[in-house]
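In: show me how the following folds:
(2 chains)
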Amino acid sequence: MSSKILVSLEDVSVRFQELTALHDVNIQITAGSSTALIGPNGGGKTTLLKVIAGLIKPTQGRVRYYDLKRARIGYVPQESVVDWRFPVSALDVVLMGRYPALGLIRRAGRHDREIALTMLARVGLRDVAIRPVGALSGGQKQRVAIARALVGEPKLILLDEPTSGADVEAKDRFYSLIRELKEELSLTILVASHDLVVVPSFVDDVACVAKSVHLHACPSEIWDEEHFQRLYGTQMEAIFHGKVPHRMVEPPAKAKPSRGDPARTRNTRNTRNTPKSEKGKK
Amino acid sequence: MFQAAFMQRALIAGVLVSILLSVLGFFVVLRRMSFIGVGIAHAAFGGVALGHLLGIPVFLSASVFSVAAGLGIGAVTRRGRIKEDTAIGIFFAAGMALGVLFLSLKPGYITDLASYLFGSILAVTPTDLWIIAAAAFLILVLLALFFKELLASSFDAELARASGIPEGFLFYLLLGLVSLGIVSAIKLVGIILVSALLVLPAATALQWSERYGRVLALSALFGLAYTVSGLAISYWIDIPSGATIVILGTAVFLLSLAISPLRRRKGNHPDRTRSAQSGTTG
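Out: You can find the predicted model right below:
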């Protein structure tokens, strides 16, 4: 991949008082890439995204942006700490994504509303556009946040645990949508998740974040026991099905038979033998 | 009854101040800063007393005190070392204590002290009126200029910051404007009651609409109605105007709370789980 670099982190460390959240992180994000940040809770995934979003200043090291204005980074937090009784509709919230582009004084006009409505339709929320945002479900709020990030015409989208709590099917649909949007709007995607099931099959690269970024590789290359242990610090048992290793979240009976590979293996050792998958497309 | 010059001044001042405080209150209530208003108003007492002691215009000294208290509370809270209510409690008491100290230094009795504590809308001088008008103009213009940025950062400060909106600056700007608004209203409704005029209209309006534009308009309307009718009632049956306005406002608020069309929805949106993400595909 010889694409342009959008953001690079050089020896970035973040400490909160005594707690080290990130240590000597070096990572480059190239235009058009899609990368999953995986790792244990508390491993620094959110911190890393916030550093890139410009919300947290690194204690050490530097973040370089190449031809990338802050307003062109769309950050979608895991959970917004907001008062959901705030008197705004889904459309109002999405329009807020247009504000930086509008500049001072100018108010959102018809053009902005059209863009916002188009994006709401794109994420499947056209019907609830004028409903109070607080009346929407968790998943819908998440998609409002994504539409809000998208109307700012971003180059880079940062998604923090966008599907936590969703079932496998919903995750699948969600990431399919993200992948479609990525192609349509030529986005660069960085998604943090501790989900090892669905996410890796939708991205080109996986970076493992546990204070430092351990490796940055193709999904299929990381699925061996040693890496798991280094990353999560414990022995892990994985149940796989399908092309790319999937850890089952629900009991097998509930899984969609069409997706599953009937010959599931319950042995981690088999991971190494897992076919390299067709992920080499990049 | 509005033929006498003092009544006309009272009416104009009341209209200006109620609209001003209602609009400020829209942000104050949505950002859960109501108690900050109480703290700022009481801190202003130190400035009122200092003005009397030094013989300088009270509006000036009170403004310095309240703006300093407002920004001080904001700064201390934002650093995160001290909780907001603690900061307010300290500034509140310190301002009052300074007031008591300054008063004790001045020989004799200050006749219109009570009017600063409880307000005396009928004692508004032409100079007061000009000051109020100028303050209202300045504050409303600044609010209009930064309205959409203030809205976005009130709804979700982190996302506003991520998209490049100067959220920190707007936070302090709002505190400064609230402080100034409070000082301009002290003469009318008094230190003790001024925060009610800041909070009640917006709190009532929020019982009637979930769209920010309407909430804002209703807020101004409620504020205006409370003040004008409170003034009239207090004149007819000869009771203190500030107290009448606040009691009237509280009554309307309670009534709204009881019959609000939104009362069943408030605060307990059934947050359907994220499996409601069905329909993501589009």
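In: okay, buried residues for the helix ranked longest in chain A please.
Out: Counting by DSSP state H, the longest helix found in chain A is helix A:168-184. Neighbour counts over helix A:168-184 (16 or more other Cβ atoms under 10 Å in any protein chain shown) mark A:168-175, A:177-179, A:181-182 as buried. No exception for glycine: its C-beta is placed from N, CA and C like everyone else's.
In: give the other helices and strands that that helix contacts.
Out: Counting contacts by 3 or more Cβ pairs under 8 Å, 6 or more residues apart in numbering or on different chains; DSSP states H and E, helix A:168-184 is packed against helix A:138-151, strand A:188-193.
In: out of these, flag the one nearest chain B.
Out: helix A:138-151 (3.5 Å; Cβ to the nearest Cβ).
In: can that closest one be said to contact chain B?
Out: Yes. For helix A:138-151, a contact with chain B is found by Cβ under 8 Å from any Cβ of the partner chain, at A:138, A:139, A:140, A:142, A:143, A:145, A:148.
In: quick one: the third one and residue B:248, what's the gap?
Out: This means residue A:140. Noted for residue A:140: a distance of 40 Å to residue B:248, by Cβ to Cβ, to the nearest Å.
In: same thing with residue A:207?
Out: 61 Å.
In: picking up where we left off before, okay if I get the helices and strands packed on helix A:168-184 as CSV plus distance to residue B:98 and mean neighbour count?
Out: As requested, the helices and strands packed on helix A:168-184 are exported to CSV (distance: least, Cβ to Cβ, whole Å; neighbours: other Cβ atoms under 10 Å in any protein chain shown):
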stretch, distance to residue B:98, mean neighbour count
helix A:138-151, 46, 26
strand A:188-193, 50, 25
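In: turn these into CSV, columns for distance to residue A:7.
Out: CSV is the format used below for those (distance: least, Cβ to Cβ, whole Å):
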stretch, distance to residue A:7
helix A:138-151, 16
strand A:188-193, 9
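In: nearest to residue B:74, out of these?
Out: Nearest of the helices and strands packed on helix A:168-184 to residue B:74, taken as Cβ to Cβ: helix A:138-151 at 26.6 Å.
In: adjacent strands (with direction) for whichever helix or strand comes after that closest one?
Out: Later in the chain than helix A:138-151, the nearest helix or strand by DSSP states H and E is strand A:156-160. Strand A:156-160 sits in its sheet next to strand A:73-76 (parallel), strand A:188-193 (parallel), going by DSSP bridges.
In: out of those strands, nearest to residue B:243?
Out: Here strand A:73-76 is closest among these (Cβ to Cβ), at 48.2 Å.
In: does chain B have contacts with the following helix or strand past the closest one?
Out: As assigned by DSSP H and E, the chain's next helix or strand after strand A:73-76 is helix A:90-96. Yes. Interface with chain B: helix A:90-96 contributes A:92, A:93, A:96 (Cβ under 8 Å from any Cβ).
In: what mean pLDDT does helix A:90-96 get?
Out: Per-residue pLDDT values across helix A:90-96 average out to 95.
In: buried stuff in the helix or strand that that helix is followed by?
Out: Using DSSP H and E, the helix or strand that follows helix A:90-96 towards the C-terminus is helix A:99-102. Judged by neighbour count using 16+ other Cβ under 10 Å, the buried positions of helix A:99-102 are A:99, A:100, A:101.
In: how about the helices in the stretch 151-282 of chain B?
Out: B:157-162, B:167-189, B:194-205, B:212-236, B:241-259 (DSSP state H, counting those that start in this stretch).
In: CA atoms of the last one as CSV?
Out: Only the C-alpha atoms of helix B:241-259 are listed here, as CSV (Å, rounded to 0.1, in the frame of the first residue of the first chain):
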residue,chain,number,x,y,z
SER,B,241,-42.8,42.7,42.7
GLY,B,242,-39.8,40.3,42.6
ALA,B,243,-41.5,37.8,44.9
THR,B,244,-44.8,38.1,42.9
ILE,B,245,-42.9,37.3,39.7
VAL,B,246,-41.2,34.3,41.1
ILE,B,247,-44.2,32.9,42.8
LEU,B,248,-46.2,33.3,39.6
GLY,B,249,-43.5,31.6,37.6
THR,B,250,-43.3,28.7,40.0
ALA,B,251,-47.0,28.2,39.8
VAL,B,252,-47.0,28.1,36.0
PHE,B,253,-44.0,25.7,36.1
LEU,B,254,-45.8,23.3,38.5
LEU,B,255,-48.9,23.5,36.4
SER,B,256,-46.9,22.8,33.3
LEU,B,257,-45.2,19.9,34.9
ALA,B,258,-48.6,18.4,35.9
ILE,B,259,-50.2,18.8,32.5
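In: any weak-confidence spans in chain B?
Out: Applying pLDDT under 70 to chain B picks out residues B:1-2, B:109-112, B:263-282.
In: low-confidence stretches in the stretch 151-282 of chain A?
Out: A:197, A:214-282.
In: residues in it within reach of chain B, list them.
Out: A:152, A:163, A:164, A:165, A:166, A:167, A:169, A:170, A:173, A:174, A:176, A:177.
In: does the third one count as helix, strand or coil?
Out: Judged by DSSP: H, G, I helix; E, B strand; the rest coil, the three-state class of residue A:164 is coil.
In: before we move on, back to that, chain B next: which of the buried residues of helix A:99-102 are close?
Out: Within those, those near chain B by Cβ under 8 Å from any Cβ are A:99, A:100.
In: take the buried residues of helix A:99-102 and write them to TSV, including distance to residue B:203 and pLDDT.
Out: Shown next, in TSV, are those (distance: Cβ to Cβ, whole Å; pLDDT from 0 to 100):
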residue	distance to residue B:203	pLDDT
A:99	26	90
A:100	31	84
A:101	33	82
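In: more neighbours, residue A:207 and residue B:248?
Out: Of the pair residue A:207 and residue B:248, residue A:207 is the one with more neighbours under other Cβ atoms under 10 Å in any protein chain shown, namely 23 against 19.
In: show me what the host helix or strand of that one packs onto, helices and strands only.
Out: In this structure, residue A:207 sits in strand A:205-210 according to DSSP H and E. Of the remaining helices and strands, those touching strand A:205-210 by 3+ Cβ pairs under 8 Å, 6+ apart are strand A:19-30, strand A:34-38, strand A:212-217, helix A:225-232.
In: pull up the pairing partners for that strand, direction included.
Out: Strand A:205-210 has these strand partners (DSSP bridges): strand A:34-38 (parallel), strand A:212-217 (antiparallel).
In: let me see the mean pLDDT of the shortest one.
Out: The predicted model gives strand A:34-38 an average pLDDT of 89.
In: got the angle for the next helix or strand after it vs strand A:156-160?
Out: Scanning forward in sequence from strand A:34-38 by DSSP H and E, the next helix or strand is helix A:45-53. Helix A:45-53 runs at 160 degrees relative to strand A:156-160, counting by axes from the mean of the first three to the mean of the last three Cα atoms, to 10 degrees.
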